[in-house]
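**Student:** Predicted model and sequence below, questions to follow.
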Amino acid sequence: MEHSGTPENNGFRVPDIFIARDGVWYSDGAEVVHEKIFQLFNDNLHEDAQGGYYIQVHGQRCPVRVENTPFVVRGLFPENTADGLDVVWLLLNSGQRQALAPGTLHRRADGELLCTLENGMCAALSRHAATQLGQFLEQDDSGAFFISLNGTDYPL
C-alpha cells in the first residue's frame with residue numbers, strides 16, 4: 001500500500017490515512033490497531049461538502065482516503081424493545097452499535113447494499129450483514145423486495 005505524507009504549515013508531516021473497502025483503517029500503510037487512536041479517528045471523522053473525508057482534532061485537519069464507505073456494517077441483530085417496537089441493530093467496523101433507519105436502505109447499481117447512519121454518512125453492508133438482512137426480507141406480488149418493520153414496509 002503506497003503512502004506519502006504531505007508537509008503541514010508547521011513542518012510536521014501529515015500521515016496518509018486510508019479506510020479500506022472492508023472498513024479497516026490504515027495510517028502510512030500500517031493497520032490502525034491501537035484502540036484509543038482507532039476510536040479517536042472514528043469519533044472525529046467528518047465529510048466535506050464535496051464528499052471527501054477528513055479527521056479534525058484540536059483544529060488540525062487530516063485528509064482520509066476512503067476506498068468505498070467510511071463505515072461497514074459487520075453484522076446486525078433484531079431486538080424487541082420494552083415499548084414493543086422492533087429495532088434492527090447495526091454492528092459497525094467502528095465498534096459502535098446503532099439502530100438501522102430502514103428507510104435509508106438502498107442499493108447501488110452494482111447491487112451493494114448501503115444505509116445512512118445517524119451522522120449522515122453511508123455504511124456498506126458486509127456480505128455477512130447483507131445475508132443476515134435476508135431474514136427480514138419479504139417479497140410483494142410484483143417480485144420487489146422490502147423490509148417490514150413496526151407496521152411500515154421499506155422497499156429495497
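**Tutor:** Done, it's in.
**Student:** could you pull out the helices for this protein?
**Tutor:** Remark: helices assigned in the chain by DSSP state H are 35-43, 127-133.
**Student:** domain parsing for the protein?
**Tutor:** Domain assignment for the chain, taken from automatic domain parsing, gives 6-66, 71-155.
**Student:** With mean pLDDT and mean neighbour count added, can I get the ones you listed in JSON lines?
**Tutor:** Any C-beta I mention is one placed from the backbone N, CA and C, and that applies to glycine too. JSON lines is the format used below for the domains of the chain (pLDDT from 0 to 100; neighbours: other C-beta atoms under 10 Å):
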{"stretch": "domain 6-66", "mean pLDDT": "90", "mean neighbour count": "14"}
{"stretch": "domain 71-155", "mean pLDDT": "93", "mean neighbour count": "15"}
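**Student:** What is the longest strand of the protein by residue count?
**Tutor:** strand 71-80 (DSSP state E).
**Student:** And the contacts of that strand?
**Tutor:** Contacting residues not belonging to strand 71-80 are listed as 22-23, 86-94, 100, 115, 117, 121-126, 128-129, 132-133, 136 [C-beta atoms under 8 Å, 6 or more residues apart in numbering].
**Student:** Mind listing the strands that strand pairs with, and their directions?
**Tutor:** Strand 71-80 sits in its sheet next to strand 86-92 (antiparallel), strand 122-125 (parallel), going by DSSP bridges.
**Student:** So for that strand, could I get the coordinates as CSV, restricted to C-alpha?
**Tutor:** Output in CSV follows, covering the C-alpha atoms of strand 71-80 (Å, rounded to 0.1, in the frame of the first residue of the first chain):
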residue,chain,number,x,y,z
PHE,A,71,-18.3,2.7,7.8
VAL,A,72,-19.1,-1.0,7.2
VAL,A,73,-21.9,-2.9,8.8
ARG,A,74,-20.2,-6.1,10.0
GLY,A,75,-23.3,-7.7,11.5
LEU,A,76,-26.9,-6.9,12.6
PHE,A,77,-29.4,-8.3,15.1
PRO,A,78,-33.0,-7.7,15.9
GLU,A,79,-34.4,-6.6,19.3
ASN,A,80,-37.9,-6.2,20.5
